[in-house]
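Undergrad: with the sequence up front, the predicted model follows.
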Amino acid sequence: MTTEPTPTPPAPQRPGTAPNPFVGIPMSDYARDAVALILLLVSLALPWSFGGAAGTRGATDHIGVVLATVLSLLSLALTYLARAQVFGTAMSVGRAALVRGAANVPYALVVAVYLIVDASTGSDEWFRSGGVGTAAAVGLAGATVAGMPRESETESLSRWQVSTMRRGAVGLAALWTVLSFLNVILVLVGYRDYAGTDLARITIAVLIVFGVLAAATWGLYVRNAAARVAILAGTLAVLATTVVDWWTGWDLSGFGVESLHLPAFAVLPLLTLGAMVSSPLVRSGMKRMPASQRDSGAAVWLMVAIASIAGATIVMTILGLAGDAFASTGVAIGYIVTLVLIATAVLVAAAFVRQNFAGSRLLAIAVVGGTLLVGVVSLVLVDTLSSIGSLDVTLHVGLPLAVIALLTLSMRGAPVHSSGQAVAPETPPHPRADEAADPSTSAHALHQIATTIPELRPTVAANPSAYPELLEWMGQLGEPDVDAALAQRDA
């Protein structure tokens, strides 16, 4: 386990005084605690599983769920209690983060048990006591946010903790992808008696979610910062659709409960994956990329997702026409036309963003804004053909709004060269950059810079006054820029 060097111990507390637990905590940490608190509390009011003839059962109908939720809620106070030294000096900030993470594992285990029960029930019996409701998705997302380390804790974590959290995001995405594939198999078994075109439509609906999760897994595996932001933005779109579904009495999903036997199992995987990648540890583990390029790249990922989902929906609609599934052929053809327009428009907008010429992002925003108007028409046609579902609202409203937001963010501080090509903005040096490079800087100051300002570690590693213990610690971090500076130092 990596331990931080301590060249100069901190000054002791004066007798009779206690440390302020709120000093040094950024606003982002308070925001994470607030989000976790809201998600966990809201989950108690949502459906948890099917209950046979009784319909759905809420989260409060399951004592194990209630206990796991209470434990996750209590864990939110652990950070502040540890900082106030309520548990003594033995409970360090890093250890408190580890304990808080462990306190949220029971919630994940409860969800895992219900997933296993749902998957193991027969294709004709899952609706009696199976399923995993929106309560599990929202609650597990809250427990994930609560359990992940905070910004103020990252420098106090050991190397294995950091590595575990970063790999955990990829592992979670891969796990959901595997379960999505299981969803494909169970749906094929459960709907095997359907007509050929109907079965094909249902299969494509499940494969849409499988494709989204597989793409997310790949993006996190290659440490693509744009992919991570796209996952976050897409998660917010899904969460907003879920809230609308709740407010309308589950008119979009039907009952607010998912099952691995139903097409398509999406809300639980996407909400929990988004919660995981929101962690500052996962963010810092991505490959470095200018914020403007990252946000515009995330918008491109979402635009490709919109085009892909629209394309798959076109195929499903054509299959429905072939199987005489619609009362009005004209309405179905009109729906296909709107989907073609949307898919074409977002692909053109994505090409504009990738070319990065002057005004390309404003033009892309206008094009995607146009798809919102077409999407309204599309929703009206869907409602005429059958009924509006969660995927329809996410496709035609949630994702386009997410793309517009990302493109707007990407234009902040993105100057354009006289040739018309956008150029990356110059990043101002850190205020302590000169101090990190100065050989006369004290050992204590170098230690403080290295352990609290990650971007200056390569500079400290190159400083001839950096002491051996500090150099050894930095060499164990596995950061390429630091390793290169240390190698140059030994050359």
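TA: It's in. Numbers count the residues shown, from 1 in each chain.
Undergrad: contacts, neighbours, all on C-alpha from now
TA: Will do.
Undergrad: mind listing what the spatially most central residue of the chain touches?
TA: By Cα atoms, centre = their mean, the chain has its centre lying nearest to G274, at 1.8 Å. Applying Cα atoms under 8 Å, 6 or more residues apart in numbering to G274 gives the contacts 141, 231-232, 235.
Undergrad: nearest to V460 among those residues?
TA: Here the nearest of the contacts of G274 to V460, counting by Cα to Cα, is L232; it sits at 33.6 Å.
Undergrad: which element follows the helix or strand containing the residue nearest to the centre of the chain toward the C-terminus?
TA: Assignment of secondary structure by DSSP states H and E places G274 within helix 267-277. Toward the C-terminus, helix 267-277 is succeeded by helix 280-284 as the next helix or strand (DSSP H and E).
Undergrad: average pLDDT across that next one?
TA: Per-residue pLDDT over helix 280-284 has a mean of 88.
Undergrad: from now on call the first residue 34
TA: Happy to do that; since the first residue is 34 now, the last one works out to helix 313-317.
Undergrad: mind listing what's buried in that helix?
TA: 313-316 (16 or more other Cα atoms under 10 Å).
Undergrad: as CSV, could you dump the C-alpha coordinates of the helix holding G307?
TA: Presented in CSV, the C-alpha positions along helix 300-310 are these (Å, rounded to 0.1, in the frame of the first residue of the first chain):
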residue,chain,number,x,y,z
VAL,A,300,-33.0,2.3,-16.4
LEU,A,301,-31.1,0.4,-13.7
PRO,A,302,-27.9,-0.1,-15.8
LEU,A,303,-27.7,3.5,-17.1
LEU,A,304,-28.5,5.3,-13.9
THR,A,305,-26.0,3.3,-11.8
LEU,A,306,-23.3,3.6,-14.4
GLY,A,307,-23.8,7.3,-14.6
ALA,A,308,-23.5,7.6,-10.9
MET,A,309,-20.3,5.6,-11.0
VAL,A,310,-18.6,7.6,-13.7
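Undergrad: number of nearby residues for M60?
TA: 11 (other Cα atoms under 10 Å).
Undergrad: so how far is S185 from it?
TA: 10 Å (Cα to Cα, to the nearest Å).
Undergrad: for the contacts of G307, work out which two are farthest apart.
TA: A174 and I264 (13.7 Å).
Undergrad: care to break this protein down by domain?
TA: Split into domains by automatic domain parsing, the chain comes to 323-329+358-459, 466-523.
Undergrad: any low-confidence regions in this protein?
TA: 34-52, 85-87, 156-157, 159-162, 446-461, 524 (pLDDT under 70).
Undergrad: what is the distance between the strand or helix carrying E505 and the centre of its chain?
TA: Assessed by DSSP H and E, E505 sits inside helix 501-508. Mean-position distance between helix 501-508 and its chain equals 33 Å (Cα atoms, centre = their mean, to the nearest Å).
Undergrad: quick one, strands of this protein?
TA: Applying DSSP state E to the chain gives strands spanning 80-83, 89-91, 165-166, 290-291.
Undergrad: how about CSV for the ones you listed, with mean neighbour count and distance to A338 added?
TA: CSV is the format used below for the strands of the chain (neighbours: other Cα atoms under 10 Å; distance: least, Cα to Cα, whole Å):
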stretch, mean neighbour count, distance to A338
strand 80-83, 27, 29
strand 89-91, 20, 32
strand 165-166, 26, 25
strand 290-291, 26, 22
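Undergrad: ok, which of the ones you listed comes nearest W193?
TA: Proximity to W193 (Cα to Cα) singles out strand 165-166 among the strands of the chain, at 32.3 Å.
Undergrad: list the contacts for the residue lying closest to A206 once chain neighbours are set aside?
TA: Closest residue to A206 in three dimensions, ignoring its sequence neighbours and counting by Cα to Cα, 6 or more residues apart in numbering: T250, at 5.0 Å. Neighbouring residues of T250 by Cα under 8 Å, 6+ apart: 203, 206-207, 210.
Undergrad: now the two most distant members of those.
TA: Maximum distance among the contacts of T250 (Cα to Cα): 10.6 Å, for V203 and T210.
Undergrad: ok so, going back, who wins for most neighbours among the contacts of T250?
TA: A206 (27 neighbours).
Undergrad: surely that residue touches A248?
TA: No. Applying Cα atoms under 8 Å as the test, A206 and A248 come out as separate, 9.3 Å apart.
Undergrad: and the helices in the stretch 34-183 of the chain, which stretches?
TA: For the stretch 34-183 of the chain, applying DSSP state H, counting those that start in this stretch gives helices covering 60-76, 96-108, 111-116, 126-136, 138-153, 159-162, 167-180.
Undergrad: for the third one, packing partners?
TA: Read it as helix 111-116. Packing partners of helix 111-116 (3 or more Cα pairs under 8 Å, 6 or more residues apart in numbering; DSSP states H and E): helix 126-136.
Undergrad: list the buried residues for the helix it packs on?
TA: By neighbour count on 16+ other Cα under 10 Å, the buried set for helix 126-136 is 126-134, 136.
Undergrad: same check, this time on stretch 173-192
TA: Going by 16+ other Cα under 10 Å, stretch 173-192 has these buried residues: 173-191.
Undergrad: and for stretch 310-327?
TA: Buried residues in stretch 310-327, counted by 16+ other Cα under 10 Å: 310-316, 318-319, 324-327.
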